[in-house]
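Engineer: Sequence and computational prediction follow.
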Amino acid sequence: MNNILANLIRILHILLILFIVCVPFVKKLPWQLIMLHFVIVGSLLLHWITNNDDCLLSHLEANLRGIPIETSFMYSLVSPVYKNDISDEQIRVLVTFVTPFLGCATLIRFINNWDMIKE
């Protein structure tokens, strides 16, 4: 049962990452989805700030699988890309820069489509 829950959390994590990364670059989206993206990015940043840059989903997955957090989904996703050429602190800085940037891109799209939203 724990393994099934951990797999569901991993799927949720993947979907959340795809949503956050892809929405700013999709041309035609309903304004509600654009606003949802902005709210999720803001909530995510607040979560990181108040939780010492730790992700609840990563901790849940690691606890359910009975593994250290360093072997969780996000770590296994990020570490092969950088192959120890970049430190955890540099990854944190990168993510904390890119995520607000994506949120700002979404906010700009929302503002630029304000006329469509008012209708």
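Structural biologist: Yep, that arrived. Residues are numbered from 1 along each chain as shown.
Engineer: rest of the way, CA atoms for contacts and neighbours
Structural biologist: OK.
Engineer: by contact count, what packs against the longest helix along the chain?
Structural biologist: Taking DSSP state H as the criterion, the chain has its longest helix at helix 88-112. Helix 88-112 is packed against helix 2-22, helix 31-50, with contacts defined by 3 or more Cα pairs under 8 Å, 6 or more residues apart in numbering; DSSP states H and E.
Engineer: between the ones you listed, which gets nearest to residue 89?
Structural biologist: Each of the helices and strands packed on helix 88-112 has some distance to residue 89 by Cα to Cα; the shortest is helix 31-50, at 13.7 Å.
Engineer: still on that earlier bit, buried set for the longest helix of the chain?
Structural biologist: The neighbour-count check on helix 88-112 (16 or more other Cα atoms under 10 Å) flags 99-100, 102-107, 109-110 as buried.
Engineer: so can I have JSON lines of those showing pLDDT and distance to residue 67?
Structural biologist: Below are the buried residues of helix 88-112 laid out as JSON lines (pLDDT from 0 to 100; distance: Cα to Cα, whole Å):
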{"residue": "99", "pLDDT": "84", "distance to residue 67": "27"}
{"residue": "100", "pLDDT": "86", "distance to residue 67": "30"}
{"residue": "102", "pLDDT": "87", "distance to residue 67": "31"}
{"residue": "103", "pLDDT": "86", "distance to residue 67": "32"}
{"residue": "104", "pLDDT": "86", "distance to residue 67": "35"}
{"residue": "105", "pLDDT": "85", "distance to residue 67": "36"}
{"residue": "106", "pLDDT": "84", "distance to residue 67": "36"}
{"residue": "107", "pLDDT": "83", "distance to residue 67": "38"}
{"residue": "109", "pLDDT": "79", "distance to residue 67": "40"}
{"residue": "110", "pLDDT": "78", "distance to residue 67": "41"}
